[in-house]
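Peer 1: what follows is a predicted protein model with its sequence.
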Amino acid sequence: MNGTGTTTVVVGAGLSGLAAAMHLRGAGHRVTIVERESFPGGRNGTLEQDGFRFDTGPVVFTMVPLLEEAFVALGEHVEDHVTLDLLDPCYHGVFADGSTLDVRPGRELMREEIARECGTKDAAAFDTFVDWLQELNDVELPHFIDKNFSSPLSLFSSPSAALKLLRLRAFAKLGPEVNRRFDDERLHKLFSFQAMYAGLAPAKALALYSVITYMDSVQGVWFPRGGMHAVPKAMAGALESHGVHIRYSTSVDHILRDASGAARGVVLDDGEQLVADAVVVTADLPTAYERMLPGLRAPWVARHGEYSPSAVVWHLGVEGTEIPAGALHHNIHFGDQWDEAFDDLMVAGRPMRDPSRYVAIPSIHDPAAAPEGCQSLYVLEPVPNLKVGHVDWEREAPAMRERMLSFLQSAGYPTAIRTEQLVTPLDWQEQGMAAGTPFALSHTLRQSGPFRPRNIDRRVPGLAFAGSGTTPGVGIPMVLISGKLAAQRTIEGLR
């Protein structure tokens, strides 16, 4: 690493902040990270309660090469800091008719699964489907995801890539594109539910978001030994070994600005000033402006844009180790009324009347997550965000807990509860997440690429943003890229 003498403060030790710090330190910057919690991870946090350990944020890890890229910036490698195991199967799908279908990693294993469960016609269709996903990914990643945009006109900086996306029908609707390729309706759901990660119903999401399907259903899902929180711990450890100072249990009051308006560091809650040449902020965009940039209005889309649905998450520590037949680490229980459920979430603003739910059993691969003879469960049900929703969560939360409990019992999961924590949109809002959703702005066309809130604000030179509310968007792969893009902005701005 070449020493530049440049100092950068990164606000937040979540995945985007840690990635930004790794790329900045690799470029020779002196970096200090300020984190309000007593541990790294941000949304990728951890909860220890009554002998159980829970991952409180993302639970699906994909696209390991993007994490490797951050470590390589420091001259390190992921495998020297954390062990990631490929899960096979990646997901266990359970359908309303009682049938099941697993998602296997890679083309060959999944083709065999489809041939066995759905027939040879759909197995052959899967090959052309993967070819399509691969082409979309190869165009989108370098030209539209892993890229800083200066304006919407930047979309035309690579006309050949844009034309290829048109040829690939990337701007058609995802749900119909998947449906027309397969006869088995179960495959329609397995290969389009990922649109929820983008905050959209499959019937309304653009086909270009099938790149998320490629990331987990083809490239595979991984689990870090020690739980999801092992990843930010490993990143923080590598940074500290390279001289980066992480100040935990430290909150920022506001961004320090000079007479011209440029960022010159941060002011902490206790009044201490950390002077720097540049600042990277990873808080949710509306929160960052409201709390750290008083008097400066957030971009219009951050204030008035369309936000993704939220989720109720139930962390359970239960007695017993028996689990439903076929259950795996990641389990998706699909409701029957697919389109109607999305209308409930995004139009009517009410809990799904026929919900699909996700259940993780991390203690299968992480025995330390639960005491002997017990299991650690994570149950998620999508719900409306606070902008769309008309839900009184003080009253609805206990009722939803009872419905979730009934579902777990009927599905055969252990339910002798030793400890629990129920997280609702009100809790996400309290943590600083706009509209009470951990999934930020949805990925409509008008809120993606150069139309998403930019990771710089020309009114504040020296400031860059990272995280799910800015470029390129939501999910572990995207926020890792976000950190790198924010680092690039910072480096370019200081030249």
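Peer 2: Received the coordinates, thanks. Just so it is clear, the structure is predicted and the values come from calculations on it, not from any experiment.

Peer 1: who are the packing partners of the helix or strand where K484 lies?
Peer 2: Assessed by DSSP states H and E, K484 sits inside helix 476-493. Under the contact criterion of 3 or more CB pairs under 8 Å, 6 or more residues apart in numbering; DSSP states H and E, helix 476-493 touches helix 15-26, helix 64-73, strand 278-281, strand 463-465. The C-beta positions use only the backbone N, C-alpha and C, and glycine is treated the same way.

Peer 1: turn the ones you listed into JSON lines, including mean neighbour count and distance to T213.
Peer 2: Shown next, in JSON lines, are those (neighbours: other CB atoms under 10 Å; distance: least, CB to CB, whole Å):
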{"stretch": "helix 15-26", "mean neighbour count": "30", "distance to T213": "21"}
{"stretch": "helix 64-73", "mean neighbour count": "19", "distance to T213": "17"}
{"stretch": "strand 278-281", "mean neighbour count": "30", "distance to T213": "30"}
{"stretch": "strand 463-465", "mean neighbour count": "30", "distance to T213": "27"}
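
Peer 1: could I get those in a markdown table, plus columns for mean pLDDT and distance to A161?
Peer 2: Below are the helices and strands packed on helix 476-493 laid out as a markdown table (pLDDT from 0 to 100; distance: least, CB to CB, whole Å):
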| stretch | mean pLDDT | distance to A161 |
| --- | --- | --- |
| helix 15-26 | 98 | 24 |
| helix 64-73 | 98 | 20 |
| strand 278-281 | 98 | 28 |
| strand 463-465 | 98 | 25 |
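
Peer 1: ok, which of these comes nearest L328?
Peer 2: The closest of the helices and strands packed on helix 476-493 to L328 is helix 64-73. By CB to CB, the value is 19.6 Å.

Peer 1: pop the domain breakdown of this structure in here.
Peer 2: For the chain, the structural domains run 7-45+61-81+226-304+444-493, 106-214, 308-434, going by automatic domain parsing.

Peer 1: go through those and pick out the most buried.
Peer 2: domain 7-45+61-81+226-304+444-493 (a mean of 21; mean count of other CB atoms under 10 Å).

Peer 1: quick one: distance of that one to the chain centre.
Peer 2: 15 Å (CA atoms, centre = their mean, to the nearest Å).

Peer 1: ok so, going back, D216: which of the helices and strands packed on helix 476-493 is closest?
Peer 2: helix 64-73 (11.7 Å).

Peer 1: quick one: name whatever helix or strand follows the closest one.
Peer 2: Toward the C-terminus from helix 64-73 - assigned by DSSP H and E - lies strand 84-86.

Peer 1: show me the shaky parts of the protein.
Peer 2: The model of the chain has pLDDT under 70 over residues 1-4, 152-156.

Peer 1: looking at this protein, which residue lies furthest from center?
Peer 2: A259 (37.0 Å; CA atoms, centre = their mean).

Peer 1: what would the domains of the chain look like in CSV with distance to A96?
Peer 2: Shown next, in CSV, are those (distance: least, CB to CB, whole Å):
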stretch, distance to A96
domain 7-45+61-81+226-304+444-493, 27
domain 106-214, 10
domain 308-434, 4
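
Peer 1: could you pull out the strands for the stretch 251-400 of the chain?
Peer 2: In the stretch 251-400 of the chain, the segments counted as strands under DSSP state E, counting those that start in this stretch are 252-257, 263-268, 273-275, 278-281, 310-319, 330-333, 357-360, 374-383.

Peer 1: out of those strands, nearest to V211?
Peer 2: strand 330-333 (19.4 Å).

Peer 1: gap between that closest one and the chain center?
Peer 2: Counting by CA atoms, centre = their mean, strand 330-333 comes out at 17 Å from the chain centroid.

Peer 1: who's in contact with that strand?
Peer 2: Here strand 330-333 makes contact (CB atoms under 8 Å, 6 or more residues apart in numbering) with 59-60, 87, 90-94, 193, 221, 356-361, 407, 411.

Peer 1: V221 contacts V60, doesn't it?
Peer 2: Yes. Under the criterion of CB atoms under 8 Å, V221 makes contact with V60 at 5.6 Å.
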